[in-house]
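K.L.:
Return a 3D structure for these sequence lines:
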Amino acid sequence: MIADHPTKELSVLSYIDQNSDATQRELSEHIGVSLGSINILVKRMVRKGLIKIERLQPNSVRYFLTPQGLASKIERTYAYIVRTYQEIGLFRVRITNTIKPLVKKDTHLIFFGPNDDFSYLLKEIVEEEFPALKKQFVSPERLSALLPRLKPNTLFITWENEADRILEEQKIEAVNILTGISVIESRKDNQTNEQ
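P.N.:
Numbering: from 1, shown residues only. Below is the predicted model:
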């Protein structure tokens, strides 16, 4: 049985939609499942009427999404987007609840880590939830320029292991926000189980 096949099916539909000349080997590599699993998945999707196969040569095929396949891709993408935004909403609350106890009146927060999608989400949350907070976002490349200007009551918040390692080398304490979220969620689960 192919694990999480609805998600795998969406990946196949999306890949074929963008690459009709894709081979099963390319699908296998892109989706991260064995060639045998892709073969089974593609055959299942052909039976469902989501994909059509056109033989070009004896050992060469071309895949097409059927109208039903395109509709399925759109529906699945919509559902994925809805689920993702719901998760982001929950994550925003968890991040806010993790940061609140760390913030004191004179705390200066430095969010330290790569400029990635998570850092953009953090910036948005912090600007929205803590507008008056003294804060700074610093990428690892800029740490050495920052060190001489560190203020007392500075708290580093990270979200990536490499950032934790860099600060540890500099003997700077930090709070990994993802670990903080895990701890808070674990406490909530324990309290719920005790009731």
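K.L.:
Which helix or strand in the protein has the lowest average pLDDT?
P.N.:
helix 177-194 (a mean of 64; mean pLDDT, DSSP states H and E).
K.L.:
domains in this structure, as residue ranges please.
P.N.:
5-65, 88-194 (automatic domain parsing).
K.L.:
and of those domains, who's closest to Ala71?
P.N.:
Nearest of the domains of the chain to Ala71, taken as C-beta to C-beta: domain 5-65 at 9.1 Å. Bear in mind the C-beta positions are built from the backbone N, C-alpha and C, glycine included.
K.L.:
residue ranges for the strands of this protein, please.
P.N.:
51-57, 60-65, 108-112, 134-138, 154-158, 174-176 (DSSP state E).
K.L.:
out of the domains of the chain, which comes closest to Ala79?
P.N.:
Here domain 5-65 is closest among these (C-beta to C-beta), at 9.0 Å.
K.L.:
In contact with Asp164, which residues?
P.N.:
Thr158, Ala174, Asn176 (C-beta atoms under 8 Å, 6 or more residues apart in numbering).
K.L.:
Report pLDDT for it.
P.N.:
Looking at Asp164, its pLDDT is 92.
K.L.:
Distance of it relative to Ile157?
P.N.:
Distance, Asp164 to Ile157, using C-beta to C-beta, to the nearest Å: 11 Å.
K.L.:
Torsion angles phi and psi at the residue lying farthest from the centre of the chain?
P.N.:
Distance from the centre of the chain peaks at Pro58, with 40.7 Å (C-alpha atoms, centre = their mean). With angles defined as degrees, to the nearest 10, Pro58 shows backbone torsions of phi -50, psi -30.
K.L.:
Okay, it and Asn97: tell me how far apart.
P.N.:
Distance of Pro58 to Asn97, given as C-beta to C-beta: 61 Å.
K.L.:
Pick the one among the contacts of Asp164 closest to Glu87.
P.N.:
Closest to Glu87, out of all of these and judged by C-beta to C-beta, is Asn176, at 19.6 Å.
K.L.:
related to what we said a few turns ago, what touches both of Asp164 and Ile157?
P.N.:
Ala174, Asn176.
K.L.:
For Glu54, list the residues it contacts.
P.N.:
Contacts of Glu54 by C-beta under 8 Å, 6+ apart are Val61, Arg62, Tyr63, Phe64.
K.L.:
what angle sits between the helix ranked longest in the chain and strand 134-138?
P.N.:
Longest helix of the chain, by residue count under DSSP state H: helix 67-99. Between helix 67-99 and strand 134-138, the angle comes out at 130 degrees (axes from the mean of the first three to the mean of the last three C-alpha atoms, to 10 degrees).
K.L.:
what about stretch 144-156, start to end distance?
P.N.:
For stretch 144-156, the first-to-last residue distance is 14 Å (C-alpha to C-alpha, to the nearest Å).
K.L.:
Which positions in that stretch come out as buried?
P.N.:
Within stretch 144-156, the residues scored as buried using 16 or more other C-beta atoms under 10 Å are Thr154, Leu155, Phe156.
K.L.:
swap in stretch 117-131?
P.N.:
Phe118, Ser119, Leu122, Ile125, Val126, Glu129, Phe130.
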